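Colleague: Got a sequence here, can you build the structure:
(chains A and B)
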Amino acid sequence: QQQVKQSPQSLIVQKGGISIINCAYENTAFDYFPWYQQFPGKGPALLIAIRPDVSEKKEGRFTISFNKSAKQFSLHIMDSQPGDSATYFCAARGTSGSRLTFGEGTQLTVNP
Amino acid sequence: ETGVTQSPTHLIKTRGQQVTLRCSSQSGHNTVSWYQQALGQGPQFIFQYYREEENGRGNFPPRFSGLQFPNYSSELNVNALELDDSALYLCASARWGTGELFFGEGSRLTVL
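Modeller: Take a look at the predicted model:
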């Protein structure tokens, strides 16, 4: 099963709040889990990524938490800003090069 | 270092026609992959190219075909266009095996 399930579909957060987006996967062969940010009319931009041998990775205001036994991972955006308003996609890579399986996306709105 | 560039940015075709989309990889990258992103959905893997050969294909019919050139640029060809082919087509490049995909801004195809 190659599916990656993402929730919520949309999220509204106040400026300065924490945004949390969750993803779950089924294929235990996945070995790399990136998050992408996409603005309207633009291509997805790599935000942060984690490998399954690590439980957490932090880069600035962005943190990935990874639970291998539950086959779940999440993106936390601390101190959310209006400029963070975008669509966020989780993804997972199998063992074949550049093949990513994407979640359905979460539309984040950060109100000023 | 130049990023991934795609052309054309927008195009309109009629059902049954053929289309060719082009992509220039980011400098230093030897793998290119193509994704289809329907409105409001996550990107779907079409195929990837490494060393000028197709190396992995998603659930897309043979009328979707591609090429990778010695300079690592690539083309996506779609024959016998159908209305459902209307989407944003994304090209991504990477160094083989890293999983770190860098996307272009996409080509928006509308089939009438």
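Colleague: For the residue positioned nearest the centre of chain B, name its beta-bridge partners.
Modeller: The C-alpha lying nearest the average C-alpha coordinate of chain B belongs to B:Trp34 (C-alpha atoms, centre = their mean; 3.2 Å). For B:Trp34, the beta-bridge partners are B:Phe47, B:Cys91 (DSSP bridges).
Colleague: Pull out the buried positions in the helix or strand of chain B with the lowest mean pLDDT.
Modeller: Within chain B, confidence by mean pLDDT, DSSP states H and E is lowest for strand B:53-57 among all helices and strands, at a mean of 91. Buried residues in strand B:53-57, counted by 16 or more other C-beta atoms under 10 Å in any protein chain shown: B:55-56. Every residue, glycine included, has its C-beta placed from N, CA and C.
Colleague: quick one: strands adjacent to the following helix or strand past that strand?
Modeller: Per DSSP states H and E, the first helix or strand lying C-terminal to strand B:53-57 is strand B:64-68. Strand B:64-68 sits in its sheet next to strand B:74-78 (antiparallel), going by DSSP bridges.
Colleague: coming back round to it: quick check, the residue nearest to the centre of chain B in contact with B:Cys91.
Modeller: Yes: here B:Trp34 reaches B:Cys91: they are 5.7 Å apart, a contact under C-beta atoms under 8 Å.
Colleague: Common neighbours of the two, please.
Modeller: Common neighbours of B:Trp34 and B:Cys91, using C-beta atoms under 8 Å, 6 or more residues apart in numbering or on different chains, are B:23, B:74, B:76.
Colleague: what's near enough to touch the second one?
Modeller: The neighbourhood of B:Ser74, defined by C-beta under 8 Å, 6+ apart, consists of B:22-23, B:25, B:32, B:34, B:49, B:66-68, B:91.
Colleague: B:Thr20 against B:Glu75, yeah?
Modeller: Yes: counting by C-beta under 8 Å, B:Thr20 does reach B:Glu75; the two are 5.6 Å apart.
Colleague: All the strands of chain B, in order from the start?
Modeller: B:5-7, B:10-13, B:19-24, B:31-37, B:44-50, B:53-57, B:64-68, B:74-78, B:87-94, B:102-103, B:107-111 (DSSP state E).
Colleague: do you know which of those lies nearest A:Phe66?
Modeller: Taking C-beta to C-beta, strand B:87-94 is the member of the strands of chain B nearest to A:Phe66, at 21.2 Å.
Colleague: Report the spatially nearest residue to residue 14, omitting neighbours in sequence.
Modeller: Picking chain A for this. Once flanking residues are discounted, A:Gln14 sits nearest to A:Asn111: 5.5 Å by C-beta to C-beta, 6 or more residues apart in numbering or on different chains.
Colleague: Can you look at chain B instead?
Modeller: Spatial nearest neighbour of B:Thr14, excluding adjacent residues (C-beta to C-beta, 6+ apart): B:Leu112 at 5.3 Å.
Colleague: Quick one: neighbours of the one you found, just the number.
Modeller: When neighbours are counted by other C-beta atoms under 10 Å in any protein chain shown, B:Leu112 registers 10.
Colleague: Next, the contact list for it, please.
Modeller: Applying C-beta under 8 Å, 6+ apart, we find B:Leu112 in contact with B:12-15, B:83.
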